[in-house]
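# any chance you can model this:
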Amino acid sequence: MIIQWLRVCAVILLGAVGSAASAAPSSVRVLALDGAIGPATADFVIRGIDRAQQDNVELVVLEIDTPGGLDLSMRDIVKAILAARVPIATFVAPGGARAASAGTYILYASHVAAMAPGTNLGAATPVQIGAPETPSMPVPSAPENAGKGGKDQTTAKGGKDQSLPKASINPSTDSAMTRKQVHDAAAYIRGLAQLRGRNAQWGERAVREAVSLSAPEALTQKVIDVVANDVPDLLTKLEGRRVTTAAGEHTLHTAGAVITRIEPDGRTKFLAVITNPSFALLLLMAGVYGLFFEFMSPGLVLPGVAGAICLLLGLFALQLLPISYAGLGLIVLGVGFMIAEVFLPAFGSLGIGGVIAFVVGALMLIDTDIPGFGVPLSFVVTLAVVTGVFVFAVSTAALKSRRRPVVSGSEQMIGSVGVVLDDAGSEVWARVRSEQWRVRSAGPLRRGQEVKVLAMDGLVLVVAPLNEGG
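Numbering: from 1, shown residues only. So this is what the prediction gives:
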């Protein structure tokens, strides 16, 4: 009887616990992606998704507003979304935000794609990388494709190609590279669209023709799933929706969920700072000149330590960015020329050549035209002027030091006057320039007698009485 009573109590208790658990509100994490997508953004999103999986949250919302970003960082985020066991919703918000270029791929990869009124997405054509764009061959593709070479080409009504006539086009390496990038990007977004059941044809047009859509148009063309005013409205509209994650099918229970907004931490902010191309270049220069100071004045320690740290941080940042090795080589060559100007009598030719090489290399350093990842010309010119002034100042100081009279060594001792300290004969001790020296003379010397240094024989000074040697 007692055992049956205990069983009944256990069932009632478990039922109460289950009811309380089911009544508890679910948790939703919101990660804000604001600005160009780069290494810091990818690190922030990947760590945020991992942490959400560990905490078993109901949904992760990527609130996005971006003009685009680096291809490698975008693909890292897409890989994290595709491998996620927790549902991911990308929400283009607030009003006025956009998910251009890389943001469109992230939107297509997410389990739920949503936009706020007054937002847009698209323009996902890969940006020309490297040299300035030149006219190139049209891209052969679907009928609606208008081509994407160095300059935008569009298709007029009726499907007539408005690109250059084929007979007048001279294919080049640049155009071939552009076609490869466009085809690769089109296949990539088409695969994401097929995986999530979205409009693959429009996604390919966004890549090949750089077209864009507003929120209502995107919903009508089945590019997105939901239009919502804000995150709470989005969660209400997602209640009961079924999505398929890497862990299997999942039903969302987001109505009334507890929303937690995750802000970028110190690591993300640090990565964002050092992966800024201008700051990375500044770190590189600070490292070079710190080591330069240490080599010029060994033993100072601080310039060497600070220079080594700055140099390593700068190189770490550059390996995360799409850099041109030709530009980096010109920067190193320019710095080398400017340093050589200090030690060689080049009369400014090395210094001027170094400044020119540095400016050209700095402008070529970042191998992409994506907004937010270039080095401003004004910054490059300012840094070059400061570097040139520094080299000129050091060169002037070095030249002045060469013209100074000798103040140490055997040359400085010749002609010095000293005082004999004892009466031991022709080789005695004397005080010369506040130091005690063994001195030798052709004749006897006496204590207190002033002598003049005529020569040095090892560590012995050859002297003569002052009244005789003068």
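# show me where the stretch 251-400 of the chain dips below the pLDDT cut-off.
Across the stretch 251-400 of the chain, the stretches falling below the confidence threshold (pLDDT under 70) are 342, 345-348, 367-373, 394-400.
# mind listing the helices for it?
If you assign secondary structure with DSSP state H, counting those that start in this stretch, the helices in the stretch 251-400 of the chain sit at 266-274, 277-296, 302-320, 325-343, 349-364, 377-403.
# tally up the residues packed near G299, please.
Applying the criterion other Cβ atoms under 10 Å, we find 6 residues in the vicinity of G299. (Each C-beta comes from the backbone N, C-alpha and C, glycine too.)
# still on that earlier bit, mean neighbour count and distance to P87 added to the helices of the stretch 251-400 of the chain, as JSON lines?
JSON lines is the format used below for the helices of the stretch 251-400 of the chain (neighbours: other Cβ atoms under 10 Å; distance: least, Cβ to Cβ, whole Å):
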{"stretch": "helix 266-274", "mean neighbour count": "15", "distance to P87": "23"}
{"stretch": "helix 277-296", "mean neighbour count": "19", "distance to P87": "35"}
{"stretch": "helix 302-320", "mean neighbour count": "17", "distance to P87": "29"}
{"stretch": "helix 325-343", "mean neighbour count": "19", "distance to P87": "41"}
{"stretch": "helix 349-364", "mean neighbour count": "20", "distance to P87": "43"}
{"stretch": "helix 377-403", "mean neighbour count": "14", "distance to P87": "42"}
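# quick one: contacts for A255?
Neighbouring residues of A255 by Cβ atoms under 8 Å, 6 or more residues apart in numbering: L235, T236, E239.
# hmm, try it at 6 Å
The contact partners of A255, by Cβ atoms under 6 Å, 6 or more residues apart in numbering, come to T236, E239.
# how far away is it from P232?
Spatial separation of A255 from P232 under the definition Cβ to Cβ, to the nearest Å is 9 Å.
# cool, and A123?
As judged by Cβ to Cβ, A123 and P232 stand 29 Å apart.
# next: Y325.
According to Cβ to Cβ, Y325 and P232 sit 49 Å apart.
# likewise for F270?
As defined by Cβ to Cβ, F270 lies at a distance of 32 Å from P232.
# with neighbour numbers in mind, choose between A123 and P232.
Here A123 and P232 are set side by side on neighbour count (other Cβ under 10 Å), and the busier one is A123, at 19 against 15.
# including distance to H250, could the helices of the stretch 251-400 of the chain go into a markdown table?
Formatted as a markdown table, the entries for the helices of the stretch 251-400 of the chain read as follows, by distance: least, Cβ to Cβ, whole Å:
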| stretch | distance to H250 |
| --- | --- |
| helix 266-274 | 28 |
| helix 277-296 | 40 |
| helix 302-320 | 34 |
| helix 325-343 | 45 |
| helix 349-364 | 48 |
| helix 377-403 | 48 |
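# and the closest residue in space to L70 that isn't next to it in sequence, what does it touch?
Beyond its immediate neighbours in the sequence, the residue positioned closest to L70 (Cβ to Cβ, 6 or more residues apart in numbering) is G38, lying 5.5 Å away. Shown in contact with G38 (Cβ under 6 Å, 6+ apart): G69, L70, S73, T275.
# burial of the first one, as a residue count?
Right, G69. Neighbour count of G69, defined by other Cβ under 10 Å: 28.
# how far away is the most centrally placed residue in the chain from M285?
Centre of the chain computed as the mean C-alpha position; nearest residue by Cα atoms, centre = their mean is T275, 1.9 Å away. According to Cβ to Cβ, T275 stands 16 Å off from M285.
# equivalent analysis for G197, please.
From G197 to M285 the distance is 51 Å (Cβ to Cβ).
# go on, A393?
For A393, the distance to M285 (Cβ to Cβ) stands at 16 Å.
# cool, A124 as well?
Relative to M285, A124 is positioned 35 Å away (Cβ to Cβ).
# check which helix or strand E63 maps to.
Using DSSP states H and E, E63 sits within strand 59-65.
# and that strand, what does it pack onto?
Where contact means 3 or more Cβ pairs under 6 Å, 6 or more residues apart in numbering; DSSP states H and E, strand 59-65 is packed against strand 27-34, strand 88-92.
# please identify the most buried of the ones you listed.
Per-stretch averages of neighbours, counted by mean count of other Cβ atoms under 10 Å, single out strand 88-92 among the helices and strands packed on strand 59-65, with a mean of 28.
# name the strands paired with it and say parallel or antiparallel.
strand 59-65 (parallel), strand 112-115 (parallel) (DSSP bridges).
# most tightly surrounded among those?
Of those, strand 112-115 is the most buried (mean count of other Cβ under 10 Å), at a mean of 27.
# residues contacting that one, please?
Around strand 112-115, the neighbours that count as contacts under Cβ under 6 Å, 6+ apart are A89, T90, F91, V92, L107, A215, I224, D225, V226, V227, A228, L234.
# again with stretch 418-429
Contacting residues not belonging to stretch 418-429 are listed as 430-432, 436, 440-441, 444-447, 449-451 [Cβ under 6 Å, 6+ apart].
# buried stuff in the longest strand anywhere in the chain?
The single longest strand within the chain, with elements called by DSSP state E, is strand 435-445. The neighbour-count check on strand 435-445 (16 or more other Cβ atoms under 10 Å) flags W437, V439, R440, S441, L445 as buried.
# return the distance of stretch 324-343 from the chain's centre.
Taking Cα atoms, centre = their mean, to the nearest Å, one finds stretch 324-343 lying 21 Å from the centre of the chain it belongs to.
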